[in-house]
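Peer 1: Okay, sequence plus prediction incoming.
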There are 2 protein chains.
Amino acid sequence: MFQVNENYLKLPGSYLFATIARKSREYSQAHPDRRLISLGIGDVTQPLAPAIIQAMHEAVDEMGRAETFHGYAPELGYEFLRNVIAKQDYADRGCQVEPDEIFISDGAKGDCGNIQEIFAEDSRVAVCDPVYPVYVDSNVMAGRTGDYDAKTGTWSRVIYMPCTAENGFVPQLPEETPDLIYLCVPNNPTGTALNREQLKVWVDYANKAGAVILYDAAYEAYISDADVPHSIYEIEGARTCAIEFRSFSKNAGFTGVRLGFTVVPKDLMCGDVHVRDLWARRHGTKFNGAPYIIQKAAMAVYSEEGKAQLKEQVAYYMRNAKLIYDGMKAAGYEVYGGVNAPYIWVKVPEGMTSWDFFDYLLENANVIGTPGSGFGPSGEGYFRLTAFGSYENTVEAMKRIQALSK
Amino acid sequence: MFQVNENYLKLPGSYLFATIARKSREYSQAHPDRRLISLGIGDVTQPLAPAIIQAMHEAVDEMGRAETFHGYAPELGYEFLRNVIAKQDYADRGCQVEPDEIFISDGAKGDCGNIQEIFAEDSRVAVCDPVYPVYVDSNVMAGRTGDYDAKTGTWSRVIYMPCTAENGFVPQLPEETPDLIYLCVPNNPTGTALNREQLKVWVDYANKAGAVILYDAAYEAYISDADVPHSIYEIEGARTCAIEFRSFSKNAGFTGVRLGFTVVPKDLMCGDVHVRDLWARRHGTKFNGAPYIIQKAAMAVYSEEGKAQLKEQVAYYMRNAKLIYDGMKAAGYEVYGGVNAPYIWVKVPEGMTSWDFFDYLLENANVIGTPGSGFGPSGEGYFRLTAFGSYENTVEAMKRIQALSK
């Protein structure tokens, strides 16, 4: 009789967003006259930029003619796209990344979830707490995380690095030595970032400890501080210890278009094995290339016209971020993030849990956010608001929340 | 010090198509006056049908307007697409498949490669020989396949089911009991199929043995015989033992567009665990939805206009298949497949290996095919030709091959 992967059965239910949806629905049904505003979503709302739309139309037309039709894409992705990424995202920032170290994919979520496959089964994993759930869950599925303690919400073999107001949301080097270290900078959910010096500590540590940093830079486009690096390869030594994930979801609104890429430098070695070659083998075996149309759309992201349009789009969201940051501060809250990321991380009032505050805002301001405890135990006592709503809704939400504290 | 997944290091190099490309290139360089014709590729060449192009343009425009913009897609795929699949691919053929048993993905290759993850690490795997390499390689990566014997080209823990002219390319029930059985019908590379009765034997066996059939139906659109089922769910009992993979690559030319789906019936249980729920969890954790634009393109595949256009496209390729089948027969070869699949499987002449025959055709007819031995040990002595070239090239290739035997 066949058996299933028992590790899947250890996973606790993933109820965060389902619970938010249910509570919002129930409130709406009980109060049909109230208009709820959601600042809880991590999804973009602005339409694709005109340059991207035009590039897609052109690529669609190419697919309709035999002379310009494109079948299977090259496994790593089209060279035209890998070349422009190597230049604009890396060479222009002084980083050395070769086009054949870049793997185009259908998005960073899959890559972040799949990367653990190429490492040993007994690898020790370190994550920040709070954290994007995919890092931990994908390692649970692979059987690396030990047992789950429902009381603390932690796994016995995972090394947790708390990131709270007390340490300025900067993870501290762990006592136990991990093999794989997940870092998300700028951070989801806290909206905070690491500067050059802080990141250098991690690169040096990883090289010394023989660990790999899995660096999720999905929110890179939102960085405004000059001393926050856009890529981990801006830090000397990163090529021997770091893999970087990039996404087009948040800088270009591709959440429903799907495109991302992963950089695995050839200098990242385990003995005489190039980790890059393992990822290439995985990519070639379990993935069949990103759509031509969408790789062409990504080219528009790097065009002068596209860059100008997307700068405006990011600025639109970051105006919301500032509105929320300032608005919550004015309402008397301790507020973090929001400067280098589209997320604002609010300390909930003394005596309330994250879920208490959710209920409080839902019932009194008709505003929906995300309880920080949904991202890990150290997220308890915090609350995430996102800048991805419309400007008008964001203004109105802040007005309502400020009215409560008057 | 971090360690890599050692199973990856056991994988022998994947040189089949690279070697074909090198030999072809070298021949061309030595004989610049000769025009090579490739009947070796598994990629389509006809452009996307007009109905699909139109649907994509419309969807692109939707993505450019805030009111109709689409962010993250639902994890299982859009309901509009799952509903039409449930009706047209299943209900209309008398099969019971619910929309929430259908998981839209970016293609069948990924799903075929990823499905093994949700089963136990020590599962015994059975494959046909010759076989699509992804089934075996993805299990090698997961550490299920034991040791590789370079002399025989086989893995010690894999159960091989030879499919040759001697058994009419019908795999025989294995002596050892497998947990997972990969079947690809119509078959790549042999181009042969299983009829209802032959498939029923497998469904009954799997239910009795407690095995799961992983049924790759990527070439379903090419079936012409009435007694070859289009879906395994046409067979009674399949809902308790089978997972089915479908692709839009070959029926609609989506090799560079990327879309597919996998069906996991709720009746497929391991104790009290629904296998469907495990796949849903994997899909939700390591995948982030197929692009809206492409799911809309797939809707055109099911429209009356689209169906008429794609029927012509499949007929175009199948005319090539018949040309190759008849042409090779007329040239004196033993020929298989080509009736329910776009692949023609040719027995190479006595005394030649698959690679000898490759060289013979390359040098004497300037025609490129794929050596059968590249698909597994029982593929030795065979040669794959595909119907995905242009009509004109296919005619010319047959003319050249027939001239050799005169």
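Peer 2: Done, it's in. Residues are numbered from 1 along each chain as shown, chains lettered A, B, ... in the order given.
Peer 1: the strands in the stretch 51-200 of chain A, which residues?
Peer 2: Defined through DSSP state E, counting those that start in this stretch, the strands belonging to the stretch 51-200 of chain A, from first to last, are A:102-105, A:125-129, A:148-149, A:154-155, A:158-162, A:180-184.
Peer 1: what comes into contact with the first one?
Peer 2: Yep, that's strand A:102-105 we're talking about. When contacts are defined by C-beta atoms under 8 Å, 6 or more residues apart in numbering or on different chains, strand A:102-105 is touched by residues A:73, A:76-78, A:81-82, A:85-86, A:111, A:259-264, A:279-280, A:283, A:287, A:289-290, A:295. All C-beta spots, glycine's among them, are computed from the backbone N, C-alpha and C.
Peer 1: one step back: export the strands of the stretch 51-200 of chain A as TSV, with columns for mean pLDDT and mean neighbour count.
Peer 2: Converted to TSV, the strands of the stretch 51-200 of chain A look like this (pLDDT from 0 to 100; neighbours: other C-beta atoms under 10 Å in any protein chain shown):
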stretch	mean pLDDT	mean neighbour count
strand A:102-105	98	24
strand A:125-129	98	24
strand A:148-149	96	14
strand A:154-155	97	19
strand A:158-162	98	19
strand A:180-184	98	25
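Peer 1: Longest helix in chain A, please.
Peer 2: Longest helix in chain A by number of residues, with DSSP state H as the criterion: helix A:304-330.
Peer 1: quick one, what contacts residue A:68?
Peer 2: The neighbours of residue A:68, taking C-beta under 8 Å, 6+ apart as the test, are A:61, A:62.
Peer 1: If we use 10 Å, what do you get?
Peer 2: Contact analysis of residue A:68 by C-beta atoms under 10 Å, 6 or more residues apart in numbering or on different chains lists A:58, A:59, A:61, A:62, A:292, B:47.
Peer 1: Pull up the gap between it and residue B:168, please.
Peer 2: In this structure, residue A:68 and residue B:168 are separated by 42 Å, where distance is defined by C-beta to C-beta, to the nearest Å.
Peer 1: Can you give the distance of stretch A:394-406 from its chain's centre?
Peer 2: Using C-alpha atoms, centre = their mean, to the nearest Å, the distance from the centre of stretch A:394-406 to the centre of the chain it belongs to is 28 Å.
Peer 1: swap in stretch A:118-136?
Peer 2: Remark: stretch A:118-136 is offset 14 Å from the chain centroid, using C-alpha atoms, centre = their mean.
Peer 1: Just confirm yes or no for it near chain B.
Peer 2: Yes - taking C-beta under 10 Å from any C-beta of the partner chain as the criterion, stretch A:118-136 and chain B are in contact, through A:118, A:119, A:120, A:121, A:122, A:123, A:124, A:133, A:134, A:136.
Peer 1: What's the end-to-end length of that stretch?
Peer 2: Criterion C-alpha to C-alpha, to the nearest Å; first-to-last residue distance in stretch A:118-136 is 16 Å.
Peer 1: Tell me if the lowest-mean-pLDDT helix or strand in chain A is near chain B.
Peer 2: The helix or strand of chain A with the poorest confidence is helix A:16-30; it has a mean of 93 (mean pLDDT, DSSP states H and E). No - counting by C-beta under 10 Å from any C-beta, no contacts exist between helix A:16-30 and chain B, the nearest distance being 10.7 Å.
Peer 1: which parts of that helix are buried?
Peer 2: For helix A:16-30, burial by neighbour count (16 or more other C-beta atoms under 10 Å in any protein chain shown) applies to A:20, A:23, A:24, A:27.
Peer 1: Equivalent analysis for stretch A:31-51, please.
Peer 2: The neighbour-count criterion (16+ other C-beta under 10 Å) identifies A:36-49, A:51 as the buried residues of stretch A:31-51.
Peer 1: Likewise for stretch A:88-95?
Peer 2: Along stretch A:88-95, the positions that meet the burial threshold by neighbour count (16+ other C-beta under 10 Å) are A:89, A:90, A:95.
Peer 1: can you pull the contacts of the residue lying closest to residue A:51 once chain neighbours are set aside?
Peer 2: Take residue A:51 and drop its neighbours on the chain: the residue closest to it by C-beta to C-beta, 6 or more residues apart in numbering or on different chains is residue A:306, 3.9 Å away. Residue A:306 makes contact with A:49, A:50, A:51, A:52, A:54, A:55, A:252, A:297, A:298, A:299, A:300, according to C-beta under 10 Å, 6+ apart.
Peer 1: and the gap between the residue lying closest to the last one once chain neighbours are set aside and residue B:48?
Peer 2: What that stands for is residue A:300. With sequence-adjacent residues excluded and distances taken as C-beta to C-beta, 6+ apart, residue A:300 is closest to residue A:55, at 3.8 Å. Applying C-beta to C-beta, one obtains 17 Å for the distance of residue A:55 from residue B:48.
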